[in-house]
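In: have a look at this prediction, sequence included:
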Amino acid sequence: MPIRAVIWDIDDTIFDYTGADRVGMSKHLEQEGLPDGYDSVGQALTAWRTITDAHWARFAAGETDFQGQRRDRVREFLSRALEDVEADHWFDRHVAHYEAAWSLFPDVLPALDVLADGFRHGVLSNSSIHNQDRKLRKLGVRDRFEAVVCAVELGVSKPEAGAFHAACEALALEPQEVAYVGNEPDIDAGGAVAAGLTGIWLDRDGRGGRPELVRISGLDQLPGLLAGNTRFGAPDTFG
């Protein structure tokens, strides 16, 4: 069955989340001051990313809600027992700097342009529709995607098969007709494959390994892969 659509992850796949988060938090700390317990901005940035990953995993597992994971990230980062409103205000000040640093990866628009005529496009994200729809609009690409499906509203998150199937249903396509592109080997590519889609791991950092997965190192490789490159389907071909 031919692939008719591409469903995309957003953060660190088409949107440079890691870069924007580091720049935004650096600016935020310039104004807020370095919290107690950190010797440098670099140490604080590393801690913030570790804390973010841990609390995002709790959210994905259903152990907290979206706003709760934000508040808990702030409390752990500052090592302070803040009231909800205090944590919300601190995070909101961070978000202002973070959003000012938003950008697409430079290979995104060229890839979308090449694929525009031959494939339909959608989004599946483990975030919320409020955040991701707004993000796509600010980045100028919301109109490139027919559907945006997000875990917060869906009630199930990647790598659960139900999340991938919901995104396919939003396009009225069978999983076998859809390729999923994301930057995480397990949550994105592995989860997509297990759900019956064609999973493609976008390994921008050159981590390598995972020979069982189809892997590309940049989106410039995606059009050829989808156009029927004879190596498509062979794992770890493009890394």
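Out: Arrived safely, thanks for sending.
In: so which bits of stretch 41-49 are buried?
Out: 44-45, 48 (16 or more other C-beta atoms under 10 Å). No exception for glycine: its C-beta is placed from N, CA and C like everyone else's.
In: got JSON lines for these, with pLDDT too?
Out: Shown next, in JSON lines, are the buried residues of stretch 41-49 (pLDDT from 0 to 100):
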{"residue": "44", "pLDDT": "94"}
{"residue": "45", "pLDDT": "92"}
{"residue": "48", "pLDDT": "92"}
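In: mind listing the helices for the chain?
Out: 17-32, 41-60, 66-78, 84-100, 108-115, 129-138, 151-154, 161-170, 191-194, 222-226 (DSSP state H).
In: now what about the second one, what contacts it?
Out: For helix 41-60, contacts defined as C-beta atoms under 8 Å, 6 or more residues apart in numbering pick out 18, 21-22, 25-26, 29, 34-35, 38, 64-66, 68-69, 72-73, 76-77, 126, 151, 157-158.
In: any idea how far that helix is from the chain center?
Out: A distance of 15 Å separates the centroid of the chain from that of helix 41-60, by C-alpha atoms, centre = their mean, to the nearest Å.
In: give the burial count for residue 120, as a bare number.
Out: For residue 120, the neighbour count with other C-beta atoms under 10 Å is 18.
In: the domain parsing of this protein - what is it?
Out: 5-16+103-226, 17-100 (automatic domain parsing).
In: among these, which is the most enclosed?
Out: domain 5-16+103-226 (a mean of 19; mean count of other C-beta atoms under 10 Å).
In: end to end on that domain, go ahead and measure it.
Out: The first and last residues of domain 5-16+103-226 sit 10 Å apart, counting by C-alpha to C-alpha, to the nearest Å.
In: so what's residue 132 up against?
Out: 10, 123, 125, 148, 150.
In: could you export those residues as JSON lines, including pLDDT and distance to residue 211?
Out: Shown next, in JSON lines, are the contacts of residue 132 (pLDDT from 0 to 100; distance: C-beta to C-beta, whole Å):
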{"residue": "10", "pLDDT": "98", "distance to residue 211": "26"}
{"residue": "123", "pLDDT": "98", "distance to residue 211": "28"}
{"residue": "125", "pLDDT": "97", "distance to residue 211": "27"}
{"residue": "148", "pLDDT": "98", "distance to residue 211": "32"}
{"residue": "150", "pLDDT": "97", "distance to residue 211": "31"}
